[in-house]
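Participant: Sequence first, then the predicted structure:
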Amino acid sequence: MKTTLTIIKADVGSIGGHICPSAQLVNRIKEFVSNEGRRLVLDSYIGFTGDDIAIFVTHTRGVGDHDVHEMAWNAFVAGTAVAKEQGLYGAGQDLLKDAFSGNIRGLGPAVAEMEIDERPNEPFLFFAADKTDPGAFNLPLYLAFADPMYCPGLILSPKMGKGFRFVIMDVEHTGEDRVIELNAPENLYDIATLLRDNERFVVEAIYSRVTGEQAAVISTSRLHNIAGTYTGKDDPVMLVRTQSSFPATGEVLAPFGIGHFVAGGMRGSHTVPLMPVALNCPTSYFDGPPLITCAAFCVHNGKLTEPADAFSHPFWNHVRDKVARKTLEIREQGFSGAAMLPMSELEYTGVVEKLNVLETQFYLRKEKLAAVSG
Ligand code: 13P
Ligand code: 13P
Ligand code: MG
Ligand code: MG
């Protein structure tokens, strides 16, 4: 059976700044999807990561379906009304256009979806991040799908012996999608060359080179490219199928033990490590640290199991302690150097206005001396 897995997520308001949505807001979205989605979807799961709510639905309508996307958009519009009633901060924050038009891509909410031929058993992982951008997934995906140091299946399992095909998008290119396809392991150094630049090149999808099946899909929207200014962080989502011809679940989770530094945190403008946390976890210190949640599922005939919370295991307490330590260490240097993002990312914020004013106050010493003496 062909099943479509669709995640559409947005921040439409949160309690106490950018912490988490209210229960009333989440319930409104659940109620909307359960009523309006009934004729469209086979199953659904709604959860939050920091201040972002994800609507995850299964159906048979294929990717980019007008009605499924419109239903999710309308659910977020209904949620925005609740956020306004409750005086939540950032009500409707990620709904960057006035009305739905055909497809939710380019309107603000993040989308990750794939149509699959269900295997007899179909385990997969649904990741959602808060206070960061889609480049945060580059390193974990590279390590899980291309590095036998993290994914021993690449050498132990004949089902993965030929490696994986990476589809990488140039997210600085606006308008038409600009992508490149590269094979691991042959093009490993090319893949690494692109993926080191998390703000420009982002993994969009990964395919098995043994079976041709899609293994992963990642939301690639950069909100500042849509809004032209800073309106909030992209807060990406991704789906990763696991086991058999794909990496095992534990191989996909393992790279998140690094707590690697990503773009995000306060005002979306800092370098902060990514913290794996339990489902429905709020955000905290310095509007961060950037969070990642992982709901593990199986699906059969479009029906989902309950989610297993992959980062709630005690092992991750140790990782969280490490990430907290790394966060405090980089925060000690405030705005200086590597602690704040480069100008290419900050140019969507108020810093540009400040620099424009300061530009007019610079002078050439030689010219000024000549003017005084002359
Ligand atoms: P969100 O994108 O999660 O709303 O975060 C915005 C921000 O800048 C927090 O400081
Ligand atoms: P305000 O300037 O409205 O407080 O917003 C700041 C912020 O939350 C940045 O994301
Ligand atoms: Mg927010
Ligand atoms: Mg957010």
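Facilitator: Looks like it arrived, so ask away. Quick caveat: nothing in here was measured; it's all calculated off a predicted structure. Ligands and ions are numbered 1, 2, ... in the order given.
Participant: all helices for the stretch 151-300 of the chain, in order.
Facilitator: Under the criterion DSSP state H, counting those that start in this stretch, the stretch 151-300 of the chain contains helices at 153-156, 188-195, 223-227, 249-253.
Participant: looking at the ones you listed, which one has the lowest mean pLDDT?
Facilitator: Among the helices of the stretch 151-300 of the chain, helix 223-227 carries the lowest mean pLDDT, at a mean of 89.
Participant: Name the residues of the stretch 101-250 of the chain found near ligand 2, please.
Facilitator: The interface of the stretch 101-250 of the chain toward ligand 2, taken as Cβ under 6 Å from any ligand atom, is made up of Gly232. In short, each C-beta sits where N, CA and C put it, glycine included.
Participant: By proximity to ligand 1, which residue of the stretch 101-250 of the chain wins?
Facilitator: With distances taken as Cβ to the nearest ligand atom, the stretch 101-250 of the chain approaches ligand 1 most closely at Gly232, which sits 3.2 Å away.
Participant: and the gap between that residue and Gly16?
Facilitator: For Gly232, the distance to Gly16 under the criterion Cβ to Cβ, to the nearest Å works out to 16 Å.
Participant: Please work out the average pLDDT along the lengthiest helix in the chain.
Facilitator: Using DSSP state H to assign secondary structure, the helix with the most residues in the chain is helix 66-85. Summarised as a single mean, pLDDT over helix 66-85 is 98.
Participant: same deal with stretch 7-18?
Facilitator: When pLDDT is averaged along stretch 7-18, the result is 98.
Participant: Check which residues of it are buried.
Facilitator: 7-15, 18 (16 or more other Cβ atoms under 10 Å).
Participant: And for stretch 241-257?
Facilitator: If you call a residue buried by 16+ other Cβ under 10 Å, then stretch 241-257 has these buried ones: 241-249, 251-257.
Participant: Other residues contacting that stretch?
Facilitator: The contact list for stretch 241-257 (Cβ atoms under 8 Å, 6 or more residues apart in numbering) reads 116, 119, 121-125, 139-140, 143-145, 150-153, 159-160, 208, 210-211, 213-216, 240, 274, 276, 292, 294, 296, 310-311, 319.
Participant: Now the terminal residues of it, how far apart.
Facilitator: One end of stretch 241-257 to the other measures 19 Å (Cα to Cα, to the nearest Å).
Participant: So which residues lie in contact with stretch 136-145, not counting its own?
Facilitator: Here stretch 136-145 has contacts from 127, 129, 149-151, 163-164, 166, 184, 191-192, 195, 198, 201-203, 206, 215-216, 218, 236, 238, 240, 247, 251-252, 254-256, 258, 260, 262-264, 274, 290, 292, using Cβ under 8 Å, 6+ apart.
Participant: just the buried members of those?
Facilitator: In the contacts of stretch 136-145, burial by neighbour count holds for 127, 129, 150-151, 163-164, 166, 184, 191-192, 195, 198, 201-203, 206, 215-216, 218, 236, 238, 240, 247, 251-252, 254-256, 258, 260, 262-264, 274, 290, 292, counting by 16+ other Cβ under 10 Å.
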